[in-house]
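# any chance you could fold what I've pasted below:
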Amino acid sequence: MNIVKTISEVRNEVKNWRRQGLSVGLVPTMGYLHEGHKSLIDRACKENDKVVVSVFVNPTQFGPGEDLATYPRDIQRDAALCEDAGAALIFNPEPEEMYFDDFHTYVTMESLSDELCGKTRPIHFRGVCTVVSKLFHIVAPDRAYFGQKDAQQLAIIKRMVRDLNFDIEIVGCPIVREADGLAKSSRNTYLNPEERKAALVLSKAVGLGQELIQKGERNADVIVEKMKQLIEEEPLAKIDYVQAVDAISIQPVAEIKGTVLVAMAVYIGKTRLIDNFIYEA
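Prediction:
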């Protein structure tokens with residue numbers, strides 16, 4: 001497995017694979033990989049001849065005061081996980097390789113980015129769409145793999161690919177959780193032991209929402225309010241949002257019918273964590 005830093009190296013490698021008639025999968029990441037990322041790479045390796053993993057902490061998706069400078073990084077650790085999973089190439093560029101000094105071109109998603117994380121992180125999805133578009137052009141994969149934990153991101157990427165006619169299949173993969181239920185996240189490393197225990201309130205709220213629906217509750221406001229009440233019982237938790245939206249359009253819903261995404265962002269201390277579940281009628 002190779003680790004490359006430049007766009008030209010990636011393109012040369014992929015062109016060589018294409019000459020051999022090989023299929024290519026892409027797993028875009030910001031690094032500090034965990035079992036959730038590995039599940040994406042595992043699936044990509046099963047479904048493609050060669051897999052590229054991008055490891056790039058993308059500055060354009062971080063707003064002022066967010067954790068760009070402190071976001072965890074460990075490329076050697078990441079390389080070991082990627083090699084173990086069977087990836088063929090890691091693309092680990094520096095920001096200046098991805099963005100010219102006078103870079104001014106962005107990909108903006110309207111409507112789908114107005115709710116959930118887009119409300120409190122207004123530039124986030126512009127940065128996500130821009131960097132993912134660039135990675136798609138650089139790697140030109142047959143398939144790209146994203147985790148369901150970032151459900152709004154997954155919906156936005158699928159819509160972007162449709163709207164802009166990318167010839168790429170987007171594959172969504174299930175949330176991977178710790179044994180106690182906490183969704184795996186690179187940001188979990190920020191939590192001290194007390195906060196780590198408190199963070200379980202997110203998965204408990206997911207379980208409560210699912211239980212209410214299973215028992216027949218269909219009023220979205222009732223479900224969301226009860227989930228909020230549970231979270232607010234945890235002193236270290238501060239809710240950013242808990243919301244029920246249509247899973248495709250990411251617009252608010254009043255009733256649980258069709259395919260609904262119930263998603264949340266919660267601060268545990270200073271660490272912002274997300275979790276969600278999808279209900280399909």
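# Ala85 reaches Glu35, doesn't it?
No - taking contacts as C-beta atoms under 8 Å, Ala85 lies outside contact range of Glu35: 10.3 Å. The C-beta positions use only the backbone N, C-alpha and C, and glycine is treated the same way.
# which of the two has more neighbours?
Ala85 (21 against 12; other C-beta atoms under 10 Å).
# skipping its backbone neighbours, what lies nearest that one in space?
Excluding its sequence neighbours, the residue lying closest to Ala85 (C-beta to C-beta, 6 or more residues apart in numbering) is Ile41, at 4.0 Å.
# where does Glu194 sit: helix, strand or coil?
The assignment at Glu194 comes out as helix when based on DSSP: H, G, I helix; E, B strand; the rest coil.
# so who does it touch?
Leu236 (C-beta atoms under 8 Å, 6 or more residues apart in numbering).
# same question, the one 4 residues further on
Residues in contact with Ala198, defined by C-beta under 8 Å, 6+ apart, are 234-237, 268-269.
# now the helix or strand hosting Val171: buried residues?
Using DSSP states H and E, Val171 sits in strand 169-173. For strand 169-173, burial by neighbour count (16 or more other C-beta atoms under 10 Å) applies to 170-173.
# can you check stretch 189-200 too?
190-191, 195-196, 198-199.
# tell me which two in those are the farthest apart.
Farthest apart among these by C-beta to C-beta are Tyr190 and Ala198. That separation is 12.5 Å.
# between the two, which contacts overlap?
Joint contacts of Tyr190 and Ala198 (C-beta under 8 Å, 6+ apart) are Gly269.
# which phi and psi does the residue nearest to Ala85 have?
The phi and psi values for Ile41, taken as degrees, to the nearest 10, are phi -70, psi -40.
# in this structure it contacts Cys82, no?
Yes - taking C-beta under 8 Å as the definition, Ile41 is a contact partner of Cys82 at 6.3 Å.
# shared neighbours of the two, anything?
Val53.
# those two: who's more crowded?
Applying other C-beta under 10 Å to Ile41 and Cys82 shows that Cys82 carries more neighbours, namely 27 against 23.
# wouldn't that one be in contact with Met1 here?
Yes - shown here, Cys82 and Met1 form a contact pair, counting by C-beta under 8 Å, at 6.4 Å.
# mutual contacts of those two, please.
Common contacts of Cys82 and Met1, defined by C-beta under 8 Å, 6+ apart, comprise Ile90.
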